[in-house]
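Student: Please find the sequence and the predicted model below.
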Amino acid sequence: MLKVQRLWILLSFCAVSIDSDLFYAAESDPISIECKTYIKGGIYEWLHNNQKILTVNDKSGMTQKGNIPITSKVRALGNLLKISNLQKGDSGQFVCKVPGHPDDVHTLHVISVSASPSGAWLLSAPAELRCETGQSSEAKTEWLKNNEIVHSEGVKTIKSVARSDEGRWTCKITTEDKRIFTKTLDITVIGLSGSQNVTARLGNSATLPCSLTPPNLGSLRVVGGGWKQMSGAQRKLCLPTLNASAGLHWTAEETHSDCEPRVKGLKGALSTNFSVTVSHVGEDDAGQYICSLTFQQGEISTEVTLQVSKGNKIDKPDKRTPYNPDKANQFWLHWKIWTWVGVGVLAFVIILLVVVLCCLRNKRMKGRRKRLKAVRPPLTANDYCQCNRLARQPQRSSGERPLCTPQPHRNSEKMEIKTTKGRRTQHM
């Protein structure tokens, strides 16, 4: 009976000691998970979905990593596990094990928000929005547009994209404990300029507009397309088609007796402007023309109606001719290049002028220093202090001979010798 009681106490202790924390984090964000059991110099083992991430010895600083993908972006600092660049597959349970202590369990849900296609949608093509928090999550997911709930599930499918779908979409996640997470996506809808009516005078040129709006295509790429002449035109024109084999450019239709080669498109690589120009417009050219562009996600098109007015020929272009952004970009690019060339030449001239002025200044300063050294400084009167001392005898130089001074004792001896010699001579 005592053994059974001890076993029941042990099982109840293990059941209540396992603590679980719930985490929500957005994809590509970092996160830090803390082990509640902290022992200075202890050994911590981290598991992800029952697979070993790493074992760290806080005393020695040694770390042993496992062989699962998440180990490449984790770092342990004591009882703290840091994970960078979260991905959808990182969701699950994280367990911290410390010898002699109960396990510390944490549950992570990675919020994944995506759009297909990403960034830009094609007008009238299908699209999809996804907001996922993992299979085991009980969080409530909603999609909002202009702060209004438009879908109450994580996946929203749009069969045909409209202009109204452009803007900011928000995924709102409400967790079990009433915490709220939001993630936004900015969507751009790509389409062609709307149906237009173009009027040209008889014999002049007419530009049929066809351009993508907005110019930022995101992940979308044009793979084909061209112009077609619909019913209503009595004279057939040779219309160009798009070729994406080596950069997107126009390919002229083969000239034959059934069409006239009076249609020209922009030269060089194309990006967003696919307008063409019809020269020498006649009455039989009036009618409907369709510009179509093909993407991997679908196809879009626009209609242009050409109307020809009778009257005298004029050389001035039609004021209603649409703006050509590619030609404007080429014009400004041309002027930008010459502007930068002029700035470079001006900078070179200024640098050369500064170098010449510095050399002349150094040369002038050098000559001035030489002239100052050549000029002897003027003599100035020296005022010495007057002292009440005996005048010192002047010191002779090393080459000056000393003056002869009389020696009285030697002269007296010589006089005595002379007197004795005189006395001797007198006696003789």
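Tutor: Nice, I can see it. Being a predicted model, the structure only gives us computed values, none of them experimental. Numbering: from 1, shown residues only.
Student: C-alpha from now on. contacts and neighbour counts both.
Tutor: Will do.
Student: In terms of helix, strand or coil, where does Trp250 fall?
Tutor: Of the three states, Trp250 takes strand under DSSP: H, G, I helix; E, B strand; the rest coil.
Student: how many neighbours does it have?
Tutor: 24 (other C-alpha atoms under 10 Å).
Student: and it, what does it touch?
Tutor: When contacts are counted by C-alpha atoms under 8 Å, 6 or more residues apart in numbering, Trp250 is found next to 240-243, 265-267.
Student: in the helix or strand Ile173 falls within, what counts as buried?
Tutor: The secondary structure element spanning Ile173 is strand 167-174 (assigned by DSSP states H and E). The neighbour-count criterion (16 or more other C-alpha atoms under 10 Å) identifies 169-173 as the buried residues of strand 167-174.
Student: List buried residues within the contacts of Trp250.
Tutor: The buried subset of the contacts of Trp250 - by 16+ other C-alpha under 10 Å - is 240-243, 265-266.
Student: Switch those over to a markdown table; also include distance to Phe94.
Tutor: Converted to a markdown table, those look like this (distance: C-alpha to C-alpha, whole Å):
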| residue | distance to Phe94 |
| --- | --- |
| Pro240 | 61 |
| Thr241 | 58 |
| Leu242 | 54 |
| Asn243 | 53 |
| Gly265 | 61 |
| Leu266 | 60 |
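Student: Throw those into TSV and include secondary structure, pLDDT and distance to Asn273, thanks.
Tutor: TSV is the format used below for those (DSSP: H, G, I helix; E, B strand; the rest coil; pLDDT from 0 to 100; distance: C-alpha to C-alpha, whole Å):
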residue	secondary structure	pLDDT	distance to Asn273
Pro240	coil	84	14
Thr241	strand	84	14
Leu242	strand	85	12
Asn243	strand	82	14
Gly265	strand	83	10
Leu266	coil	79	8
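Student: about what we covered before: closest one to Gly203 out of the contacts of Trp250, please.
Tutor: Gly265 (18.6 Å; C-alpha to C-alpha).
Student: Could you give the secondary structure assignment for the closest residue to Ile68 other than its chain neighbours?
Tutor: Taking C-alpha to C-alpha, 6 or more residues apart in numbering as the measure, Ile68 lies nearest to Ile53, with 6.8 Å between them; neighbours along the chain are not counted. Look at Ile53: counting by three-state DSSP, its state is strand.
Student: Could you do Asp177 as well?
Tutor: Secondary structure state of Asp177, per three-state DSSP, is coil.
Student: all strands of the stretch 51-200 of the chain, in order?
Tutor: Chain-ordered strands for the stretch 51-200 of the chain, with DSSP state E, counting those that start in this stretch as the definition, fall at 51-57, 63-65, 74-77, 80-83, 92-97, 104-116, 120-122, 127-132, 140-145, 148-151, 155-158, 167-174, 180-192, 196-201.
Student: tilt between the fifth one and strand 51-57?
Tutor: An angle of 30 degrees separates the directions of strand 92-97 and strand 51-57 when computed by axes from the mean of the first three to the mean of the last three C-alpha atoms, to 10 degrees.
Student: got it, and the last one?
Tutor: Using the same axes, to 10 degrees, the direction of strand 196-201 lies 100 degrees away from that of strand 51-57.
Student: helices or strands up against whichever helix or strand comes after strand 196-201?
Tutor: Next in sequence after strand 196-201, counting helices and strands by DSSP H and E, comes strand 206-208. For strand 206-208, the helices and strands in contact under the criterion 3 or more C-alpha pairs under 8 Å, 6 or more residues apart in numbering; DSSP states H and E are strand 196-201, strand 276-278.
Student: For Asp258, find the nearest of those strands.
Tutor: Ranking the helices and strands packed on strand 206-208 by distance to Asp258, with C-alpha to C-alpha as the measure, places strand 276-278 first at 16.6 Å.
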